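Trainee: build me a model from this:
(2 chains)
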Amino acid sequence: MASTETKADDLAGLEAGLDALDAVQVRRTPAREILLDKVLPPVVAVVLVVLVWQLLVWAKVTDDYKLPPPGAVWDSLTDMWVQGTLLEVIWTSVSRGLFGFVMAVAIGTPLGLLVARVKVVRAAIGPILSGLQSLPSVAWVAPAVIWLGLNDSMMYAVILLGAVPSVANGLVSGVDQVPPLFLRAGRTIGATGLRGTIHIVLPAALPGYLAGLKQGWAFSWRSLMAAEIIASSPDLGLGLGQLLENGRNNFDMPGIFLAILLILFVGIAIDLLIFSPLERRVLRSRGLLVKS
Amino acid sequence: MATTTLTKAEDRAAVEHAARIRNVSKSFAGPTGQQLVLDDITLDVAPGEFVTLLGASGCGKSTLLNLVAGLDRPTAGSIETPGGRPALMFQEHALFPWLTAGKNIELALRLRGVPKSDRRPEAERLLELVRLGGAYGKRVHELSGGMRQRVAMARALAQDSQLLLMDEPFAALDAITRDVLHDELTRIWRETNASVLFVTHNVREAVRLAQRVILLSSRPGRIAREWTVDIEQPRRIEDTAVAELSVEITEELRGEIRRHGQH
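Mentor: I've put the predicted structure just below:
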């Protein structure tokens, strides 16, 4: 009896030793390093671009009305801020874009799941769905205006037509890339049918789905800007697209530059604030972001 | 044709078995028509018995395990597992990377119908059983290969199945870790009274673990011979008795392989 006990203790000790030797160390990057590696380079790049821009203006390569100095664009920005219209204009577009995006997710997700899991559906609409991604959503503005008139529904229609295929395709490729081993392992523990979809397929497909969401947001935003630029009407409220179009009508180059920069800024900000952290979190928790 | 009838008098004794495999054949569509992979396999695993299936490549041992697991259907013959759906462990740990070690086990418990409040304590108990008490909140990528296989073992045990199927579960581990896991598996097998059907191509591993070793021939897989291993547990892979029987079985296995080079 005593000998088996020592043997069991031996085994436990041996195993604890192996575990300690083999344990994988996961290191978190310190904030200083992030600042130096991730934040500094883009900031320097932006500063350089503005510097080159200012130099071109000083060198008088072209007329001031064609290439306004950075300072003039900055003045347009502060003017809008003082008038209190800046945040209003941004919010008009952002709220439209986000609401349209949420609808696109609500439609694109079940659609993607259907295409991924049902063979007939995939054969029928799979190619169309991926083909639609290459169709510029600006093409939808004309029919949308005729069908729905100059209103918010027309904007949302254009967003949906642009973003739903991206969201659906992201989910489809996410599901396609689920390792068969996970499906087999799931089936052996009883995750079949709907339970298999919920507990195995969807979580396993999450990284691909997130990439689809990210692209879906980019498409939503681009579609919305196309719609706002082409279809301006006083009823629609002033968004960033209309701001750009107004600048063109008034020959206000600083205003046009400002509108373009704001559109770019919002697109990047939403990606940086929402999608990138989400994606990083998911990948890190699965050990897919380990640095070599 | 596959049959799963349970009518004959002799079949009533099936409850006495953890697995009852009767005249099972399996063929797949190959480049030259139907290819027979398993040919007329008849095999019983008694409750609490540890059986290893040994064979070279192409003997269909993994196919047989998939059939017993219910992941595939036999072309002919019948398979019964009266103790419910068998648990299956793979060569890869097959743990879900979006869940922690503990949650992987809890998913198996949940799918088995264990009430929510009981899942966490049960998962902790199973982790203790494989000596990974502190690993509940660990992600899969934070664990070493040996630890992953032990969590996979705990997840398989969470199914509370009478039959544990293992498909070369230690083949990808280093020799030291594999040796330790052999001891662990023997200990857990004796503590849980489960029946184990263990597939391997490693003769010493088969002898080290099993009460009965079954040698399969290749292409198609047939039962070539079987040995009862009377060596007392706990054994060591370097024990003389284990080595002697391994030599005998290896000779037989080589003979089986040699036959394929002759035509």
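Trainee: pLDDT score for A:H199?
Mentor: On the pLDDT scale, A:H199 is placed at 92.
Trainee: hmm, I typed the wrong one, I wanted B:N23.
Mentor: So B:N23 comes in at 89 (pLDDT).
Trainee: the nearest residue to it once chain neighbours are set aside bridge partners, please.
Mentor: Excluding the flanking residues, the one nearest B:N23 by CB to CB, 6 or more residues apart in numbering or on different chains is B:G77, at 4.0 Å. Just so you know, the C-beta spots here come from the backbone N, C-alpha and C atoms, and that holds for glycine as well. Taking DSSP bridges as the rule, B:G77 bridges to B:A2.
Trainee: is B:G77 in contact with B:I21, as I believe?
Mentor: Yes. Taking contacts as CB atoms under 8 Å, B:G77 lies within contact range of B:I21: 7.3 Å.
Trainee: those two: which is more packed in?
Mentor: Legend: neighbour count by other CB atoms under 10 Å in any protein chain shown for B:G77 and B:I21, higher for B:I21 (23 against 20).
Trainee: and what about that one, helix, strand or coil?
Mentor: strand (DSSP: H, G, I helix; E, B strand; the rest coil).
Trainee: buried residues, the helix or strand A:L181 falls within. List them.
Mentor: In this assignment (DSSP states H and E), A:L181 forms part of helix A:180-188. Across helix A:180-188, burial judged by 16 or more other CB atoms under 10 Å in any protein chain shown covers A:F182, A:L183, A:R184, A:A185, A:G186, A:R187, A:T188.
Trainee: distance of the first one relative to A:D271?
Mentor: Read that as A:F182. Look at A:F182 and A:D271: by CB to CB, to the nearest Å, they are 29 Å apart.
Trainee: same check, this time on the fifth one
Mentor: Relative to A:D271, A:G186 is positioned 33 Å away (criterion: CB to CB).
Trainee: contact residues of chain B facing chain A?
Mentor: B:69, B:71, B:85-88, B:90, B:92, B:94-99, B:107-108, B:111-112, B:131-132, B:139-147, B:155, B:158-159, B:176-177, B:180, B:183-184, B:187, B:234 (CB under 8 Å from any CB of the partner chain).
Trainee: who's in contact with the residue nearest to B:N23?
Mentor: B:G77 is in contact with B:A2, B:T3, B:I21, B:R22, B:N23, B:V24, B:S25, B:D40, B:I41, B:T42, counting by CB atoms under 8 Å, 6 or more residues apart in numbering or on different chains.
Trainee: give me the buried entries from the residues of chain B next to chain A.
Mentor: Here, 16+ other CB under 10 Å leaves B:69, B:85-88, B:90, B:92, B:94-99, B:107-108, B:111-112, B:131-132, B:139-147, B:155, B:158-159, B:177, B:180, B:183-184, B:187 buried among the residues of chain B next to chain A.
Trainee: okay, which residue is most central for chain B?
Mentor: The structure's chain B has its C-alpha centroid closest to B:M166; by CA atoms, centre = their mean the separation is 2.4 Å.
Trainee: quick one, phi psi at it?
Mentor: Dihedral angles of B:M166 (phi, psi; degrees, to the nearest 10) stand at phi -130, psi 120.
Trainee: who's in contact with it?
Mentor: B:L88, B:M89, B:V196, B:L197, B:F198, B:V199.
Trainee: buried ones in stretch A:161-179, by neighbour count?
Mentor: A:161-175, A:178.
Trainee: closest one of the residues you listed to chain B?
Mentor: A:V178 (10.6 Å; CB to the nearest CB).
Trainee: against A:Q83, how distant is the closest one?
Mentor: 52 Å.
Trainee: now the residue in the stretch 151-292 of chain A that chain B sits nearest to: closest residue in space that isn't a chain neighbour?
Mentor: Ranked by CB to the nearest CB, the top residue of the stretch 151-292 of chain A for proximity to chain B is A:G287, at 2.5 Å. Nearest non-adjacent residue to A:G287, counting by CB to CB, 6+ apart: B:H141, 2.5 Å away.
Trainee: can you give me phi and psi for the nearest residue to B:G60 once chain neighbours are set aside?
Mentor: Closest residue to B:G60 apart from its sequence neighbours, by CB to CB, 6+ apart: B:G221 at 3.4 Å. Here is the backbone geometry of B:G221 (degrees, to the nearest 10): phi -70, psi 120.
Trainee: B:G221: neighbouring residues, count only.
Mentor: 26.
Trainee: regarding B:T52, what is its secondary structure?
Mentor: Relying on three-state DSSP, one would call B:T52 strand.
Trainee: now the residue nearest to A:G287: how far from B:L127?
Mentor: Counting by CB to CB, the gap from B:H141 to B:L127 is 17 Å.
Trainee: for whatever helix or strand A:R280 lives in, name the packing helices and strands.
Mentor: Here A:R280, judged by DSSP H and E, is contained in helix A:276-285. Using 3 or more CB pairs under 8 Å, 6 or more residues apart in numbering or on different chains; DSSP states H and E as the contact criterion, the elements in contact with helix A:276-285 are helix A:202-230.
Trainee: re the thing from before, quick one: buried residues of the helix holding A:R280?
Mentor: Neighbour-count burial for helix A:276-285, counted by 16+ other CB under 10 Å, picks out A:E279, A:V282, A:S285.
Trainee: quick check: neighbours shared by B:G77 and B:I21?
Mentor: In contact with both B:G77 and B:I21: B:I41, B:T42, using CB under 8 Å, 6+ apart.
Trainee: for chain A, what's its nearest residue on chain B.
Mentor: B:H141 (2.5 Å).
Trainee: is it correct that that residue is in contact with B:P97?
Mentor: Yes. Assessed by CB under 8 Å, B:H141 is found in contact with B:P97 at 6.7 Å.
Trainee: which neighbours do these two share?
Mentor: A:R286, A:G287.
Trainee: centroid residue for chain A?
Mentor: Mean-position check on chain A, CA atoms, centre = their mean. Result A:K214 at 2.5 Å.
Trainee: before we move on, the earlier item: quick check: mean pLDDT across the helix holding A:L181?
Mentor: In the prediction, helix A:180-188 has an average pLDDT of 91.
Trainee: how much does it deviate in direction from helix A:202-230?
Mentor: 120 degrees (axes from the mean of the first three to the mean of the last three CA atoms, to 10 degrees).
Trainee: what lies in contact with helix A:180-188?
Mentor: If you take CB under 8 Å, 6+ apart as the criterion, helix A:180-188 is touched by A:192, A:196, A:199-201, A:204, B:69, B:71, B:85-88, B:90, B:92, B:94-96, B:159.
Trainee: show only the entries of those residues found in strands.
Mentor: Counting by DSSP state E, the contacts of helix A:180-188 place B:A87, B:L88 in strands.
Trainee: helix, strand or coil for A:K66?
Mentor: Relying on three-state DSSP, one would call A:K66 coil.
Trainee: could you list the low-confidence segments of the chain?
Mentor: You didn't say which chain, so I picked chain A. A:1-8, A:24-27, A:290-292 (pLDDT under 70).
Trainee: should've been chain B
Mentor: B:1-15, B:263.
Trainee: I'm done for today, thanks for sticking with me.
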